[in-house]
Structure formats: C-alpha cells, structure tokens
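A.B. asks: got a predicted structure plus its sequence, pasted below:
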Amino acid sequence: MNATLPRVTVVVPCYNYGHYLPAAVRSALEQPGVEVDVIIVDDASPDGSVAVARALASRDPRVRVIEHEQNRGHIRTYNDGLAEATGEYVVLLSADDLLAPGSLGRSTALMRRHPSVGLVYGYAPEFSDAPPPPSRSRAREQVWKGDRWLQRICDRGTNLIVNPEAILRRDVMDRLVGYAPDLPQTADMELWMRAAAISDVGRVAGPYQGFYRVHDANMHLTDYRGLLTEIRARRDTFTAFFAGPGSGLPRAVERRDAAHRTLAREAVRLERVARNGDGGLAPELADEFSAFAVETWPGITGTRLWRQTATRRHRPAGALRRTVESRVTEVTGALRWRRWRRYGV
C-alpha cells in the first residue's frame with residue numbers, strides 16, 4: 001500500500017440486497033487517489049446475499065465479509081462493521097447505494113487540509129435504474145465550526161445528510177462508538193449531531209458525492225403515515241441528544257426548543273396539505289399532525305400559521321385555494337431544496 005494515500009474503510013451492510021452488492025462494492029474499490037478496503041456485513045440474508053459477498057471477497061483481497069448467523073437488525077449490522085474498520089477514514093455505504101467517482105479523494109483531501117474536520121458530506125442525487133452521469137462542476141469546499149453546523153440542523157429541524165456521501169475520521173467514529181440502537185429510524189442524524197459536537201464539519205459542493213437508490217424495498221421509503229412516524233422520530237432525536245450527549249453544549253435547551261418549534265410548524269403545514277386532500281391523505285392523520293404540533297410546542301397555537309390553519313379545520317378549502325396552496329407548497333419546497341443544494345444547510 002502507498003502510505004501517502006488516505007486509507008478509507010468502506011463498510012457495506014447488507015440484508016437481501018445481494019443483487020445490488022457488486023455495483024456498490026465496485027463504486028468503492030474503483031475510487032482514485034485513496035487506498036480502500038471494503039467490509040461487507042451480511043445480516044443473515046435469506047436471499048443468498050452472503051454467497052455474492054463471498055464471491056466478491058474471493059476476487060479481491062481488499063474485500064472481506066462478516067456473516068451474521070442470525071438477523072441482528074440494521075443498527076447492530078452497521079456497528080459490527082464499523083468496529084472492524086482499520087482505515088484512517090470510514091464510510092458506511094448501504095448495499096443499494098453507490099459512491100460517486102472521485103468522492104473519497106475529494107472528501108479526504110478536504111479533511112487533510114482541515115484537521116479539525118471530522119465529518120464531510122456532499123450531494124447525493126436519487127436514482128432508480130442507472131445513476132446520472134457524473135457532474136462536471138468544479139469542487140468547492142465548505143467548512144463550518146461544529147457548533148455552528150449543529151445550530152443549523154436545529155434551525156432546520158431535519159437531517160442534512162442523505163448518507164452514502166458521508167465520511168468520518170475513524171478516530172472520531174471511535175469516540176462516537178457507532179450508531180445509537182434506541183433511535184433506529186434517525187440513528188444517522190443523531191450520529192452526525194454527535195460528530196458536530198466534537199469536531200468541525202465539511203462539505204464538498206459541486207460534484208456528486210454519492211448516489212441514493214430509490215426502489216420499492218427501500219428501508220426509508222415512506223408514505224404519509226410514515227411522515228408522521230418520521231417527524232416524531234426527529235423530535236425524539238433532538239430531545240434525546242440534548243438530554244444526553246449534547247446536554248453540556250452551550251444553549252442546549254434553547255437549541256432543543258428551536259428544533260421543536262421548527263418541527264411543530266412543519267407538522268401544521270403537513271396538516272394543511274392533509275386537509276386539502278393532497279395525495280389522498282386520510283383526514284384523521286391531519287388531526288394527528290395537529291396534535292403532534294401542540295404536543296411538541298404548545299406555543300404553536302399563538303402563531304399566525306396556526307390561526308390560518310384553524311380557519312379551515314371546519315371549513316374545507318375550495319378548489320382554487322387548494323390549487324394555490326399546493327403550488328405554494330411545491331415552490332417553497334423547491335426553494336428549500338435549491339438552498340440546500342447550493343449551501344449544504
């Protein structure tokens with residue numbers, strides 16, 4: 001091995017994704033400018049995934065396989081692989097996702113230039129069959145103090161990282177001791193928050209850094225009921241973080257409350273979408289979004305957003321209003337996406 005090149009361990013957890021494994025592993029092994037080893041962790045897949053993993057390992061000494069005899073769930077699978085990482089840097093890559101060409105070289109170069117940065121991410125577009133052509137955009141580096149980035153995630157109330165594009169220094173990951181088993185739906189978001197509490201955060205803007213595959217079997221594929229479950233999980237994550245690992249940070253309670261306010265407003269907006277009948281959302285779920293908002297931040301009832309929404313709880317919006325509000329929701333979402341795409345926060 002060339003000792004001057006960054007060494008990256010890519011952990012690939014797998015459960016019934018054997019047909020995706022070769023592409024995921026290839027996207028890691030073909031990264032230029034870095035020394036890569038791959039650890040595939042098969043969680044007792046019944047579809048023959050482990051045979052695919054063994055075949056990949058037999059063809060390349062940089063690949064090894066950890067086999068679970070019994071299914072242990074995705075968090076244990078993640079952590080078992082991460083505990084075996086030996087690289088200077090570590091990536092968790094789902095077996096159905098891909099790394100973009102050159103992404104590891106760009107991320108590790110940023111971290112070598114900025115020793116205080118422990119976490120780097122970028123942009124990972126979605127795809128289904130084939131990933132989009134690599135972006136020709138020039139790479140630009142962004143670096144935030146961990147405390148400032150943590151404030152941004154609280155203000156936004158959501159996860160800023162998809163996952164396949166994220167890379168951590170292994171010594172930072174060792175201090176984090178892996179993903180939290182009691183937050184199975186938002187363990188990645190909580191991990192990024194803990195990383196920002198002990199290190200700075202970087203982002204590679206411009207080129208694609210990963211590719212997130214969307215398909216019927218996605219673990220995170222959600223419907224409207226899933227949206228309610230997911231927003232509750234985010235609230236629980238902020239609550240747990242600032243009661244635990246983040247309790248000693250400056251303005252911990254203030255930041256938790258800021259996140260709760262953001263989530264309450266998001267829930268009311270989802271309620272409005274539901275009451276307009278968009279996407280066939282059941283009316284009783286609209287009431288649940290409303291209840292969640294009040295439970296999360298009682299002060300929501302004194303806001304203009306709440307009062308505007310209250311006027312239509314017993315008076316359904318007409319067709320014109322539904323059309324206008326749907327368009328406003330669409331445009332607002334697009335603007336938020338463009339801001340994230342450009343600035344990463």
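C.D. replies: Perfect, thanks for sending it.

A.B. asks: helix or strand for the residue nearest to the spatial centre of the chain, which one?
C.D. replies: Closest residue to the average C-alpha location of the chain: residue 162 at 3.4 Å, with C-alpha atoms, centre = their mean. For residue 162, there is no enclosing helix or strand under DSSP states H and E.

A.B. asks: quick one: low-confidence parts of the chain?
C.D. replies: Low-confidence segments of the chain, defined by pLDDT under 70: 1-3, 217-225, 277-283, 312-345.

A.B. asks: 90 - rerun?
C.D. replies: Under the criterion of pLDDT under 90, the regions of the chain flagged as low confidence span 1-4, 129, 134-137, 162-164, 215-228, 270, 272-286, 309-345.

A.B. asks: just the helices in it please.
C.D. replies: Counting by DSSP state H, the segments of the chain that form helices are 21-29, 49-59, 74-82, 103-113, 146-156, 170-176, 187-198, 224-243, 252-275, 283-296, 304-310, 319-343.

A.B. asks: just send these back as a markdown table, with distance to residue 122 and mean neighbour count too.
C.D. replies: Glycine gets a C-beta too; all of them are placed from N, C-alpha and C. Formatted as a markdown table, the entries for the helices of the chain read as follows, by distance: least, C-beta to C-beta, whole Å; neighbours: other C-beta atoms under 10 Å:
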| stretch | distance to residue 122 | mean neighbour count |
| --- | --- | --- |
| helix 21-29 | 14 | 20 |
| helix 49-59 | 26 | 18 |
| helix 74-82 | 20 | 20 |
| helix 103-113 | 7 | 21 |
| helix 146-156 | 14 | 19 |
| helix 170-176 | 18 | 17 |
| helix 187-198 | 13 | 22 |
| helix 224-243 | 22 | 18 |
| helix 252-275 | 24 | 20 |
| helix 283-296 | 31 | 18 |
| helix 304-310 | 33 | 13 |
| helix 319-343 | 11 | 12 |
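
A.B. asks: export those helices to TSV and tack on distance to residue 39?
C.D. replies: Below are the helices of the chain laid out as TSV (distance: least, C-beta to C-beta, whole Å):
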stretch	distance to residue 39
helix 21-29	10
helix 49-59	10
helix 74-82	5
helix 103-113	15
helix 146-156	27
helix 170-176	12
helix 187-198	18
helix 224-243	27
helix 252-275	34
helix 283-296	39
helix 304-310	47
helix 319-343	31
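
A.B. asks: from residue 291, how far out is the residue nearest to the centre of the chain?
C.D. replies: Note on residue 162: its distance to residue 291, by C-beta to C-beta, to the nearest Å, is 30 Å.

A.B. asks: and for residue 241?
C.D. replies: 23 Å.

A.B. asks: try residue 41
C.D. replies: As for residue 41, its distance to residue 291 is 39 Å (criterion: C-beta to C-beta).

A.B. asks: same check on residue 212?
C.D. replies: Summarising the geometry, the distance separating residue 212 from residue 291, computed by C-beta to C-beta, is 32 Å.

A.B. asks: ok, residue 163 next?
C.D. replies: Taken as C-beta to C-beta, the spacing of residue 163 relative to residue 291 amounts to 30 Å.

A.B. asks: which residues does the closest residue to residue 193 other than its chain neighbours contact?
C.D. replies: Here the nearest residue to residue 193 in space, its sequence neighbours aside, is residue 241; by C-beta to C-beta, 6 or more residues apart in numbering that works out to 5.3 Å. Counting by C-beta atoms under 8 Å, 6 or more residues apart in numbering, residue 241 touches 190, 193, 194, 256.

A.B. asks: right, I'll leave it there.
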